[in-house]
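Visitor: quick one: sequence and predicted model below, then my questions.
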There are 2 protein chains.
Amino acid sequence: MISLRRSPEKVRLPLGFSFSAVPAGIKVSGMPDLALAEAAEGATAAALFTQNRVVAAPVEVGRAGLLSSRYRVRAVLVNSGNANCATGRVGIQACQQICRETATALGASANEIFPSSTGIIGVPLSPEKITVQLPKLIAARSANQRGVLAFAHAIMTTDTRAKIASARFRAGAGNVTMLGIAKGAGMIHPQLATMLVYLFTDVEASATELRPLLRAACDSSLNCMSIDGDTSTNDTVLLLASGASGVRLKDAGSRKKFAGALNAVCQSLAEQIISDGEGVQHVICLFVEQASSREEALLVARTIAHSMLVKTAWAGADPNWGRILAAVGRSGAPVDPSRVQIYIGKQKVCRNGVACPFNERQAHHILGQPVCDIRVQLGRGRYAVRFLTTDLTAEYVRINADYST
Amino acid sequence: MISLRRSPEKVRLPLGFSFSAVPAGIKVSGMPDLALAEAAEGATAAALFTQNRVVAAPVEVGRAGLLSSRYRVRAVLVNSGNANCATGRVGIQACQQICRETATALGASANEIFPSSTGIIGVPLSPEKITVQLPKLIAARSANQRGVLAFAHAIMTTDTRAKIASARFRAGAGNVTMLGIAKGAGMIHPQLATMLVYLFTDVEASATELRPLLRAACDSSLNCMSIDGDTSTNDTVLLLASGASGVRLKDAGSRKKFAGALNAVCQSLAEQIISDGEGVQHVICLFVEQASSREEALLVARTIAHSMLVKTAWAGADPNWGRILAAVGRSGAPVDPSRVQIYIGKQKVCRNGVACPFNERQAHHILGQPVCDIRVQLGRGRYAVRFLTTDLTAEYVRINADYST
């Protein structure tokens, strides 16, 4: 098990939410695959979705629901095992039917039910498999750690472990809690969002207040990572604020604390997703520095992170920095190779675009660790990015060579 | 062994060239790694080079040599086992020294010697290892099939077989012959050129006549393929015309025949490179059709061809077309998913962006063949591209996880 942090802290629960999960027979394994998070008094919402032009039915329905409810959410309903994507009109209708019946059962309106799906693309999703389980799912709600764990496990697909992070801060007389739950291990190259991430807080804030904070937190965490370069059709990040703490974001100090908690939770979830990437043996913290803009740093980071030759070298703990330099050169950034420095761990391995003497055995050892830093300096400016990525192993191939058949 | 064509035809030799190869101890294996192709009376040249901003020393030296010699080449000298890239000033000097000493031995000037290197990046190349072998290499020249095979084998790195194609056509009273020799099995995503490709012809033509013909032939063959998306730092395509046939390209008819022979040889070499890709089990002929421009068709084709999820599905002969659709959606082309059709072999598997019933067993069988056609129609225009690519197998990972160490 790879971990970028020490053992996960205790899960802290925000007020105003309850959680549950049941098996609905969508996953072939028979494991729980239907999850509910309810805000009994409702919550304000901010959301980010995939930039893929192919979007799944729940993304379309969820986005429309947020607009028509004015970013008011009563419950999140997630199924795993089927992405309900490329399923056409029938897929949209199935999703709408699920939202309607959930709303009736909870005494809400359909546009206050936020739907999500994850799993295989292009297979029809049976709404009945889900709706028949709603009474049991609703009865099982609980506002405790058991409910959170049940929710986190039920949204998993090829994930090997649940991904949960939480934070709490004091603001005036009250406490604000932030809880994040995510899934994702493949098709991970989020563009404005990642696979499925749910963030729950009991702060009292409007959708307009939440939106820029969510965007900023995601840009530096979930949008700075890639496992395989494939941007999913179902990527969703949803932030819900129940207001149950009674604390408002009324001053700069509390907004800063809130942004800090949100950033910390998103960063932890990003690290948990990367560490659990399909077949991953080594996580790479890739620092691209001295770029002329943040976009340029990201362009170079993504080209390195998506190079099959670089990723396979990492799988072998091979300090073959020439492949990294070649990826920099083809990235599209107008880089002058004679200004490029590359480090593996703390050792410089490429000086001014040219080989420099280094301890190969030590570089091999550093790359053999579960987590390794690689630093690429472009010599062009003052922008930098920290990008999380992974090696490409034979196990990744095995996992993905027989997913649907 | 995967082959897109029936067994390779007999090798035809153009007049005016001789070939040889010897071992120079650059490859650890001790196999021949130094190759010479000489045009005793000289040849006119056209060349294309990598678009990578990191370029190897021989690419810099070779490009400068062509400019100063006005595209006149007397000999091509290639070493495998070391790319002489990211080796700085010392690498340039080593390459220049090799060219100078070869020129002296052949009675030519240094800028008429075209150098190439292929192999690991970032390791200094010893010029002495090469220059000490020059007398033996020059003595071994022969203008027959044995010489051609020796050259073709000596330029190989991870290739498992030599890549040779030839064509001959009649023009007026004479015959024109075209011979192509290539290497490449990894770091194959040529941008204007591919790894190392040498084309020899005995037509009489100026560099100005050759250049547009070479560009057109490469654009539809070597530039329409990818194994791993990594564009090499050493990519070179060189076309040499000895003029020894006495046939000139003086009318539209002979130019058309010449272009046809050049296209056929380039296409055959592209197919041979793809078929011999590292760890490749399945070659995919990807047809992207109904694009609004050729660039758009290429953008979509490359995004599909570089998707690790799509390539691993192909490795498992898995008809998981949802991953192809997701790649189309994230390609950056403004595609409307509801106009997209996808075929595996002759079967439609996705109609208007949505699942349609198909025979999964048959699709699995078709994908299990060494070569399979996949067709993606975008519903946007009349441009199309045929793009050659491969699956991504555990064997690719094995080959590339321990190259340098």
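Guide: Received, thanks. Please read all numbers here as calculations on a predicted model, not as lab measurements.

Visitor: show me the helices in the stretch 151-300 of chain A, by range?
Guide: In the stretch 151-300 of chain A, the helices defined using DSSP state H, counting those that start in this stretch lie at A:207-219, A:252-275, A:294-305.

Visitor: closest to residue B:358 out of those?
Guide: Comparing those by their distance to residue B:358 (C-beta to C-beta), the top pick is helix A:252-275, with 33.2 Å. The C-beta positions use only the backbone N, C-alpha and C, and glycine is treated the same way.

Visitor: surely residue A:169 and residue A:259 touch.
Guide: No. Look at residue A:169 against residue A:259 with C-beta atoms under 8 Å: they stay out of range, at 10.4 Å.

Visitor: returning to what we had before: residue B:55: which of the helices of the stretch 151-300 of chain A is closest?
Guide: Closest among the helices of the stretch 151-300 of chain A, using C-beta to C-beta: helix A:294-305, at 16.6 Å.

Visitor: other SSEs contacting the closest one?
Guide: strand A:283-291, helix A:321-329, strand A:383-390 (3 or more C-beta pairs under 8 Å, 6 or more residues apart in numbering or on different chains; DSSP states H and E).

Visitor: list of residues touching that helix?
Guide: Taking contacts as C-beta atoms under 8 Å, 6 or more residues apart in numbering or on different chains, the residues outside helix A:294-305 that touch it are A:189, A:224, A:226, A:229, A:284, A:286, A:288-289, A:291, A:310-311, A:324, A:327-328, A:330-333, A:335, A:376, A:378, A:380-381, A:383-385, A:387, A:389.

Visitor: show me which of those residues neighbour chain B.
Guide: A:229, A:327-328, A:330, A:335 (C-beta under 8 Å from any C-beta of the partner chain).

Visitor: and residue A:272, how far is that from residue A:370?
Guide: 13 Å (C-beta to C-beta, to the nearest Å).

Visitor: so for the two, which sits in the more crowded spot?
Guide: residue A:272 (24 against 13; other C-beta atoms under 10 Å in any protein chain shown).

Visitor: wait, the more buried one touches residue A:182, no?
Guide: Yes. Between residue A:272 and residue A:182 there is a contact under C-beta under 8 Å: 6.8 Å.

Visitor: where does chain A dip in pLDDT?
Guide: A:1-9, A:191-195, A:403-405 (pLDDT under 70).

Visitor: can you list the domain ranges for it.
Guide: Domain segmentation of chain A under automatic domain parsing yields A:17-275, A:283-401.

Visitor: and of these, who's closest to residue B:49?
Guide: domain A:283-401 (12.5 Å).

Visitor: picking that back up, pull out the buried residues from the contacts of helix A:294-305.
Guide: A:189, A:224, A:226, A:229, A:284, A:286, A:288-289, A:291, A:310-311, A:324, A:327-328, A:330-331, A:333, A:335, A:376, A:378, A:380, A:383-385, A:387, A:389 (16 or more other C-beta atoms under 10 Å in any protein chain shown).

Visitor: how close does the closest residue to residue A:50 other than its chain neighbours get to chain B?
Guide: Excluding the flanking residues, the one nearest residue A:50 by C-beta to C-beta, 6 or more residues apart in numbering or on different chains is residue A:235, at 3.6 Å. For residue A:235, the distance to chain B (C-beta to the nearest C-beta, to the nearest Å) stands at 10 Å.

Visitor: can you count the residues close to residue A:29?
Guide: Residue A:29 has 9 nearby residues by other C-beta under 10 Å.

Visitor: and it, helix, strand or coil?
Guide: Secondary structure, DSSP: H, G, I helix; E, B strand; the rest coil: residue A:29 is coil.

Visitor: so what's it up against?
Guide: Counting by C-beta under 8 Å, 6+ apart, residue A:29 has no contacts.

Visitor: ok, now how distant is it from chain B?
Guide: Following C-beta to the nearest C-beta, the distance that separates residue A:29 from chain B is 18 Å.

Visitor: same question, residue A:144
Guide: Taking C-beta to the nearest C-beta, one finds residue A:144 at 37 Å from chain B.
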